[in-house]
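Chemist: what's the 3D shape of this:
(chains A and B)
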Amino acid sequence: MDQLSVEHLLGIKYLKPNDIDLIFKTADHFKEVINRPIKKVPSLRDITIANLFFENSTRTKLSFELAEKRLSADVINFSASQSSVKKGETLIDTVNNILSMKVDIIVMRHANVGAGVFLSKHVNAKIINAGDGTHEHPTQALLDSYSIREKLGSVKGKKIVIVGDILHSRVALSNIFSLQMQGAEVKVCGPTTLIPKYITSLGVTVETNLKKALNWCDVANVLRVQHERMDINYFPSTREYSQLFGINKEILESLNKKIVIMHPGPINRGVEITSDVADSNQSIILHQVENGVAVRMAVIYLLAEQIKR
Amino acid sequence: MSKKLLLNSKDIQIILHRLACQLIENHNDFSETVLIGLQPRGVFFANRIVEILQNEYAIKNLQLGLLDITFYRDDFRRRSEPLAATSTKINFLIEDKKVVIIDDVLYSGRSVRAALTAIQSFGRPKQIELLVLIDRRFSRHLPIQPDYRGRQVDAINKEKVLVTWKETHEIDAVYLQQK
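Modeler: Below is the predicted model of the structure:
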C-alpha cells in the first residue's frame, strides 16, 4: 500500500510524482470530510503539533491550524514576535525546548533558506516546511496544483505562467518543481529585475510581455509584489508595475480564450491584480484557500502515519 | 492454504432474501430508514440487499450511503501497513433517521465501533442497527452484536473468513481459510 517516500515535507524537490498523487488522493477524501455537517475526524487524537512561525503569516497559519484541528490533533502555536527568540535564543534551543514538551510534528516558517532541512537533521520530530525564506513553500505549491487539477481535470500537459516577483518568491520555486514533476509546462513573466538570472536552468521559459504570456497559458498564477523583501528599487513605481504586469479585465478580455486566474494571497488589489479580476468567475482564489485545508490535512495525516509508538 | 466452502451462491441467495424480509418487517416502507454500507467490502453486500428490496419487494426511494471509516479507526499507526482510504458517499442527512449499518463480516467489532463514531458526522440518528452476512462468534474485542445476521460462524483466530462476490470474483461464496 501507499506511503510517502519522505519522512518530512521540506520541499517539493524532495518528493516523487507518486507522493504528489498520494497526497492528492488523500486530500480528495479530506475535502469530502470538510464539507460534511461535522467537519472533523479523530485520526490524530494522540498527536501533538507545534506551529512555529518565525515569520509573519495569516492564512498559512490559519490553514495549518484548521487542518490540524480537523484531524483532532493537539495544537500549540508559537510566534517569534512574542517569544524568547527576541532574547537571543538559537533555533535549535527554541525547538528542543518545545520538543521536550513531547511534540510529534513541527510546522515551521522561517526567514532563512534551509531552516527546515537544518531542523530535520537535529531534532526528533516530523518537519513540515511552511515557507523558508525565498526557497520553498511546498504546501502552497501542492494546493495550487490540486486546484488546477480540480478545475481542469489534470495538471499534465497544461501551460502555466507565473506572473510577478519570481526573485523573492518561494511560491514560484515550489510551483515550478511541482508543476514540472506533474508534466506541466511553466513560463515565468515579470520585470527582468525580478526574474532570477539563471531561472531558465530549471527548464522554464521567460517572457517579459504580459499579454504574450497570457495568450500562451491555460492558467496564470499571479504573485504578490513582496515589498517587505525588496531592499532596493526593482521597478520605478507601483503604478508602472501595475500598468505593465497588473492583470485587469481589459487584458483578459483581449485574449482569445478564457484562462484560469490564481493568486496565493494576500492580494495587493490594484497592483498585481484588479478587484474585478480577483472576484470574477475566472478566478479560483477562494477555492485555493479551501483546498489548502484539505491538502494540509493530507500531508499531516500521511506523515503522522509514519510515527510508530 | 486450505479453503473450506461455508456458503455457496444458492445459500447466499436464500440468506439475502431472508435478511431483506427481516428488514421489511422492522422498517416497513423505509421512509424513515437509511442503509449505510461500510467501505470497501460491505458495499457489495449492501448493493445486493438493495437490489432485492427494490426489484422483488417493490420498495421505492431507498436511501443507500457508503461510509469509509479509515479516518476513524483506532489502529491508525499500529498496523504494519498504512491504511488506504476509500470514498464516503452519503448525500443525505441522517438526523432522526433509523440507520442500518451493513457489513460483510463482523469479527473484532472495531470497524463497527469506528462506523458508529463516523456516522455521527452526518447527524444524530434515531436508532442504529447492524446487519452482517457472517457473524464470527467468540472473536469480539468489543461489546457489539448484530441485529440481523446471515450465518453465525465459529472460527478460531488463525482462520480467515473470505467472502467473494460475483462483481469481483465471478462467484458468490463464503470460505473458511487457514491463514
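Chemist: which one of the residues in the stretch 51-200 of chain A is closest to chain B?
Modeler: Going by CB to the nearest CB, chain B is nearest to A:Leu71 of the stretch 51-200 of chain A, at 8.0 Å. To be clear about C-beta, it is placed using only N, CA and C from the backbone, and glycine gets the same treatment.
Chemist: enumerate every residue touching the residue nearest to that residue when sequence neighbours are not counted.
Modeler: Excluding the flanking residues, the one nearest A:Leu71 by CB to CB, 6 or more residues apart in numbering or on different chains is A:Leu44, at 4.2 Å. Listed by CB atoms under 8 Å, 6 or more residues apart in numbering or on different chains, the contact set of A:Leu44 reads A:68, A:71-73, A:300-301, A:304, B:76.
Chemist: quick one: buried ones out of the residues you listed?
Modeler: Among these, the ones that count as buried by 16 or more other CB atoms under 10 Å in any protein chain shown are A:68, A:71, A:73, A:300-301, A:304, B:76.
Chemist: just checking, which of these belong to helices?
Modeler: Under the assignment DSSP state H, the buried ones among the contacts of A:Leu44 contribute A:68, A:300-301, A:304 to helices.
Chemist: keep only those residues that also lie close to chain B.
Modeler: A:301, A:304 (CB under 8 Å from any CB of the partner chain).
Chemist: contact residues of chain B facing chain A?
Modeler: That would be B:68, B:70-73, B:76-78, B:81-85, B:87-88, B:93, B:117-118, B:120-123, which are the residues of chain B within reach of chain A (CB under 8 Å from any CB).
Chemist: go with 7 Å
Modeler: Within chain B, the residues that sit near chain A (CB under 7 Å from any CB of the partner chain) are B:71-72, B:76-77, B:81-82, B:84-85, B:87-88, B:117, B:120-123.
Chemist: for chain B, what's the nearest residue on the stretch 201-309 of chain A?
Modeler: In the stretch 201-309 of chain A, the residue that lies nearest chain B is A:Glu305 (5.1 Å; CB to the nearest CB).
Chemist: re earlier: which ChimeraX command selects the buried ones in the residues of chain B next to chain A?
Modeler: Typed into ChimeraX, the line below selects the buried ones among the residues of chain B next to chain A, using 16+ other CB under 10 Å:
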select /B:71,72,76,77,82,85,88,121,122,123
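Chemist: in terms of pLDDT, where does residue 69 sit?
Modeler: Picked chain A for this. If you check A:Lys69, the pLDDT there is 96.
Chemist: actually it's chain B I care about, not the one you picked
Modeler: 91.
Chemist: enumerate every residue touching residue 176.
Modeler: Looking at chain A here, since you left the chain open. Neighbour list for A:Ile176: A:186, A:202, A:204 [criterion: CB atoms under 7 Å, 6 or more residues apart in numbering or on different chains].
Chemist: not quite, I wanted chain B
Modeler: By CB under 7 Å, 6+ apart, the contact set of B:Leu176 is B:4, B:6, B:155, B:159, B:161.
Chemist: now it: closest residue in space, sequence neighbours ignored.
Modeler: In space, B:Leu176 is closest to B:Lys4, 4.5 Å off (CB to CB, 6+ apart).
Chemist: again, but for B:Ile12
Modeler: In space, B:Ile12 is closest to B:Asp172, 4.7 Å off (CB to CB, 6+ apart).
Chemist: ok, that neighbour to chain A distance?
Modeler: As judged by CB to the nearest CB, to the nearest Å, B:Asp172 and chain A stand 27 Å apart.
Chemist: I'd say that residue and B:Gly150 touch.
Modeler: No: counting by CB atoms under 7 Å, B:Asp172 does not reach B:Gly150; the two are 11.8 Å apart.
Chemist: the more surrounded of these two?
Modeler: B:Gly150 (24 against 20; other CB atoms under 10 Å in any protein chain shown).
Chemist: and that one, how far is that from B:Phe92?
Modeler: Distance, B:Gly150 to B:Phe92, using CB to CB, to the nearest Å: 26 Å.
Chemist: let me see the ranges of the strands in chain B.
Modeler: Along chain B, counting by DSSP state E, strands occupy B:3-7, B:33-38, B:64-67, B:98-106, B:127-137, B:148-154, B:159-164, B:173-178.
Chemist: do whichever strand or helix holds A:Val107 and chain B come into contact?
Modeler: Per DSSP states H and E, A:Val107 falls inside strand A:105-110. No: applying CB under 7 Å from any CB, one finds strand A:105-110 separated from chain B by no less than 12.5 Å.
Chemist: which of the residues in that strand are buried?
Modeler: In strand A:105-110, counting by 16+ other CB under 10 Å, buried: A:105-110.
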